[in-house]
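1. from the sequence below, what's the structure:
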Amino acid sequence: MRNNQSNLKPMNRDSQTLDVGGIVVELVRKAIRGLRIGIYPPNGRVRVSAPKFASDQMVVGAVLARLGWIKKHQEKFLKQYPQSELQFVSGESHYFFGQKYKLQIIEHQGSRCVIVKNELVIELHVPTGFSQSDREAQLSKWYREQLRAVLPSMFEKWSKILGVEVNEWAIKKMKTRWGSCNTRVKRIWISLELAKHSSQCIEYVVVHELAHLLEPSHNERFKKIMTAAIPHWKLLREELKKKL
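-> Residues are numbered from 1 along each chain as shown. Okay, the predicted model is just below:
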């Protein structure tokens, strides 16, 4: 049975982010007729699917017109967190790259794997009798594989843009930080928990840590570097702060 890698793709020219009334909006242009606004857990991420001919001004106008509705749903999502402690059982909600999925445990005598189905379900295939800690470990391993698949392109892209070189980067479990940087040896650590968040959040953390290779502190110079790279970085920072 194959493991569905469902790798996250870097944003292309048809995908961008907008700051509308202090809200980060992911805009994706598609071959569709109408404009659609979606709000997604766990943090109320806003995603707009718009026709290819739609201008940024049209999108901003549509979002502003529904700003009250958007904020109402975002507040609803925020009230649902923090989640109760996960048990890694069927029916439980889990998150992957910013999307909410239902976990389905499938016990069998075959190989262990994780399969994403229809952008709705994460199937965790494990041996019969697997314990809760074993199920958690298997899912964490899969999260690590998925995050490791998307990080190289992000590091390559932003290392070139910022003009810095990182000697080593790795993924590890971190409870109080999304990333860390050892500027002396140019080593960067990325939190495994980021596999549950959107591409924008992952990219923000990568840029944040790479920027420390230019400026170790969080002074005005560092902020200018971040603003030049990601103008809406403060909004992404606040979004992640809510989840620590």
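
2. would you tell me what the next helix or strand after the worst-scoring helix or strand of the chain on mean pLDDT is?
-> Ranking every helix and strand in the chain by mean pLDDT, DSSP states H and E puts strand 15-20 at the bottom, with a mean of 80. Sequence order places strand 23-30 as the next helix or strand after strand 15-20, per DSSP states H and E.

3. quick one: contacts of the helix or strand following that next one?
-> Note on strand 23-30: by DSSP H and E, the next helix or strand toward the C-terminus is strand 36-40. For strand 36-40, contacts defined as C-beta atoms under 8 Å, 6 or more residues apart in numbering pick out 45-50, 62-63, 66, 70, 73-74, 77, 98-100. For glycine as for every other residue, the C-beta is placed from the backbone atoms N, C-alpha and C.

4. emit the PyMOL select command for whichever of those are buried.
-> In PyMOL syntax, the buried subset of those is picked out as below (16 or more other C-beta atoms under 10 Å):
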select buried, resi 45+46+47+48+49+50+62+63+70+73+74+77+98+99
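
5. before we move on, the earlier item: list the neighbouring strands of the least confident helix or strand of the chain plus their orientation.
-> Using DSSP bridges, strand 15-20 pairs in its sheet with strand 23-30 (antiparallel).

6. neighbouring contacts of the partner strand?
-> Strand 23-30 has contacts (C-beta under 8 Å, 6+ apart) with 14-19, 45-52, 54, 56, 59, 63, 67, 70-71, 74, 198, 200, 232, 235-236, 239.

7. change it to 6 Å
-> Strand 23-30 has contacts (C-beta atoms under 6 Å, 6 or more residues apart in numbering) with 14-18, 46-50, 52, 59, 63, 232, 235.

8. and for stretch 233-241?
-> The contact list for stretch 233-241, computed with C-beta under 6 Å, 6+ apart, reads 24, 43, 178, 200-201, 204, 226.

9. try 10 Å
-> Applying C-beta atoms under 10 Å, 6 or more residues apart in numbering, the external contacts of stretch 233-241 come out as 17, 19, 22-24, 43-45, 178-179, 191, 193-194, 197-198, 200-205, 207-208, 211, 223, 225-227, 230.
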